[in-house]
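J.: Provided below for reference: sequence and predicted model.
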Amino acid sequence: SEPSGAFNSGTVGETLTVGKMLALQCLFLDDRLVFTYGRRTDAFKFKQNSTTLIDPTASTKPAGSRPWYWNQNTWVDNVAVPNANDNPAVSRTARNQTKGVVVFPLRWLSAFYNESGNAGSGRGGIDPNGGYAPPSAGTGKDYGFTIQLFKGRLALKVNKYESSQTNNSSAAFDGVKYLVKSAELRMEELALGHPEVAFKPTTWNYNDNTTAVTSDFVSHGFEYTLTANITPHWRTSFTAAKTASVESNIAPSWHKYVAARMPEWNKLDSYPMSEGGTQSIKDCVSYNIFYKYLDRADLLEGQPTLNVRKWRANFVTGYDFTKGFPKNVGIGGAVRWRSKGVIGLPVILRSDGSTIPDIKHPYYDDGLTDIDGWISYKMRLWNEKVPVRFQLNVRNIFDDRKLLPQVALSTGERVLFTAQTPRLFIFSAAFDL
């Protein structure tokens with residue numbers, strides 16, 4: 001039947017996944033030594049093609065149509081017709097593995113070590129140079145110790161972690177594909193309106209937004225957790241974490257694609273990027289694609305990730321009354337703090353008059369602090385048979401309305417702000433049925 005809706009194209013896809021899993025836990029020396037092991041294997045097959053609506057009376061298929069063709073009543077010749085631009089079928093096997101050990105040398109002391117490896121079982125995004133990008137994959141490990149004192153009323157956990165991720169989707173550089181798409185669309189427009197223009201068309205389907213922009217990350221840091229049960233009814237916890245991350249191999253397929261397309265784009269240096277405009281295609285590519293993205297990617301290669309806040313900390317406390325007038329009442333509060341984050345970069349003026357971002361001296365915001373609170377009441381309903389807890393949470397308890405800077409110009413001037421959510425009351429009721 002004919003697909004419904006106002007469109008002339010769609011997607012045909014098929015996915016098959018077969019998975020196997022093994023989990024194992026071993027305890028030795030009166031449970032003082034614990035080993036864990038896990039393994040999962042996924043066999044994956046994927047096929048996806050675009051479809052194009054065509055005139056059922058046409059004797060030939062339209063030239064340049066996308067991979068599969070849709071007739072108004074059925075498939076062309078009752079079958080899906082492949083095209084030279086078909087995305088190839090993808091078959092992969094992904095293996096994920098975890099290993100861990102916990103040792104209890106003393107009743108109040110334990111040490112642990114864990115490591116894992118993961119590989120995406122699906123396909124990666126489309127590579128503009130042809131085929132698919134590899135799926136994301138990574139490794140990680142963490143190790144540390146836990147101390148429990150005063151019969152568990154006071155506990156301290158210290159954890160160090162290290163992780164790496166390859167072919168990770170890069171949100172900071174994802175916009176490059178849309179700017180490249182604009183350049184390619186303008187090339188098509190010029191070729192249609194200017195017979196003297198001759199250029200080699202791209203084989204990339206730039207209307208497919210699943211095209212991949214990837215990079216690799218290596219992260220490491222520490223996590224600290226202190227928990228204190230000061231009394232049977234008063235609980236307090238404090239957590240802090242320090243994080244560092246390095247990004248590399250940023251948008252490699254786009255460096256390759258743009259380098260291959262530049263000779264074609266440069267042929268149209270005398271034509272504007274838009275009808276009636278004054279900026280040439282070459283100048284537009286130079287600023288939008290190189291300055292905003294690819295040159296910036298080269299500068300950030302192997303450097304600490306700018307959009308990661310270095311420190312974060314949380315403090316949470318709560319008390320339940322069990323006697324007197326406030327019996328069954330609970331109160332609590334939380335403070336959440338985040339260190340300063342990058343909102344912009346100054347520029348360095350080069351000898352040829354061009355500028356590059358100065359990643360060594362970024363502009364920061366003022367950090368983030370949130371203060372929340374709550375009050376609750378417990379009772380029983382329906383002849384004392386059903387426990388219920390009513391709770392009122394208050395977010396941004398002091399109604400802080402200070403604007404939060406998001407973007408700073410190269411001069412340091414803050415030009416984009418967001419408003420904090422004003423004081424918010426949330427009432428809830430939980431029934432234990």
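T.: Done, it's in.

J.: what ranges in the stretch 301-433 of the chain fall below the confidence cut-off?
T.: Along the stretch 301-433 of the chain, the model assigns pLDDT under 70 to no residue.

J.: how about the strands of it, start to end?
T.: 303-304, 311-320, 329-338, 342-344, 347-349, 355-357, 363-364, 368-381, 386-395, 404-408, 414-418, 424-431 (DSSP state E, counting those that start in this stretch).

J.: now those as CSV including distance to Gly175 and mean neighbour count?
T.: Where you see a C-beta, it was placed from the backbone N, CA and C, and this is true even at glycine. Converted to CSV, the strands of the stretch 301-433 of the chain look like this (distance: least, CB to CB, whole Å; neighbours: other CB atoms under 10 Å):
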stretch, distance to Gly175, mean neighbour count
strand 303-304, 19, 12
strand 311-320, 27, 16
strand 329-338, 25, 16
strand 342-344, 17, 21
strand 347-349, 19, 13
strand 355-357, 15, 16
strand 363-364, 20, 17
strand 368-381, 25, 15
strand 386-395, 32, 15
strand 404-408, 15, 17
strand 414-418, 16, 13
strand 424-431, 33, 10
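
J.: secondary structure class for Ala172?
T.: Secondary structure state of Ala172, per DSSP: H, G, I helix; E, B strand; the rest coil, is helix.

J.: where does the closest residue to it other than its chain neighbours fall, phi/psi-wise?
T.: Excluding the flanking residues, the one nearest Ala172 by CB to CB, 6 or more residues apart in numbering is Asn307, at 6.7 Å. Torsion angles at Asn307 (phi, psi; degrees, to the nearest 10) stand at phi -90, psi 20.

J.: if we can go back for a sec, switch the strands of the stretch 301-433 of the chain over to TSV; also include distance to Trp204.
T.: Below are those laid out as TSV (distance: least, CB to CB, whole Å):
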stretch	distance to Trp204
strand 303-304	29
strand 311-320	40
strand 329-338	39
strand 342-344	32
strand 347-349	32
strand 355-357	28
strand 363-364	36
strand 368-381	40
strand 386-395	46
strand 404-408	31
strand 414-418	33
strand 424-431	46
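
J.: quickly find the element holding Ala183.
T.: Assigned by DSSP states H and E, Ala183 belongs to helix 176-193.

J.: I'd like the mean pLDDT over the following helix or strand past that helix, please.
T.: Sequence order places strand 214-231 as the next helix or strand after helix 176-193, per DSSP H and E. Mean pLDDT, strand 214-231: 95.

J.: same thing with stretch 181-194?
T.: Mean pLDDT, stretch 181-194: 78.

J.: same thing with stretch 245-252?
T.: Here the average pLDDT along stretch 245-252 is 92.

J.: next one: it to chain centre, how far?
T.: 14 Å (CA atoms, centre = their mean, to the nearest Å).

J.: of all the strands of the stretch 301-433 of the chain, which lies closest to Tyr293?
T.: Among the strands of the stretch 301-433 of the chain, the nearest to Tyr293 by CB to CB is strand 355-357 (11.3 Å).

J.: contacts for the closest one, please.
T.: Applying CB atoms under 8 Å, 6 or more residues apart in numbering, the external contacts of strand 355-357 come out as 291, 295-296, 299, 345-350, 410.

J.: quick check: can you name the pairing partners of that strand and their directions?
T.: strand 347-349 (antiparallel) (DSSP bridges).

J.: which of the strands of the stretch 301-433 of the chain sits closest to Pro232?
T.: Across these, Pro232 has its closest neighbour in strand 311-320 (8.9 Å, CB to CB).

J.: only alpha carbons, please: show the closest one as CSV.
T.: This file holds the C-alpha atoms of strand 311-320, laid out as CSV (Å, rounded to 0.1, in the frame of the first residue of the first chain):
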residue,chain,number,x,y,z
TRP,A,311,35.0,19.2,40.5
ARG,A,312,31.6,18.4,41.9
ALA,A,313,30.3,17.8,45.4
ASN,A,314,27.0,16.9,47.1
PHE,A,315,25.9,17.0,50.7
VAL,A,316,22.7,15.3,51.8
THR,A,317,21.2,15.0,55.3
GLY,A,318,17.9,13.8,56.7
TYR,A,319,16.3,13.3,60.1
ASP,A,320,13.2,11.3,61.1
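
J.: tell me what angle that strand forms with strand 368-381.
T.: Relative orientation of strand 311-320 versus strand 368-381 (axes from the mean of the first three to the mean of the last three CA atoms, to 10 degrees): 20 degrees.

J.: could you list every helix and strand that strand 311-320 packs against?
T.: Judged by 3 or more CB pairs under 8 Å, 6 or more residues apart in numbering; DSSP states H and E, strand 311-320 is in contact with strand 234-248, strand 329-338.

J.: I'd like the distance from the first one to the chain centre, please.
T.: Going back to what we said before, that points to strand 234-248. Counting by CA atoms, centre = their mean, strand 234-248 is centred 19 Å from the centre of its parent chain.

J.: next, the angle from it to strand 329-338.
T.: Strand 234-248 and strand 329-338 are oriented at 20 degrees to each other (the same axes, to 10 degrees).

J.: strand 234-248 pairs with which strands?
T.: strand 214-231 (antiparallel), strand 303-304 (antiparallel), strand 311-320 (antiparallel).

J.: now what about that strand, what contacts it?
T.: 170, 215-230, 300-305, 308-320.

J.: apply 7 Å and report the result again.
T.: By CB atoms under 7 Å, 6 or more residues apart in numbering, the surrounding residues in contact with strand 234-248 are 215-230, 300-305, 308, 310-319.

J.: do stretch 20-40 as well
T.: 19, 41, 96-104.
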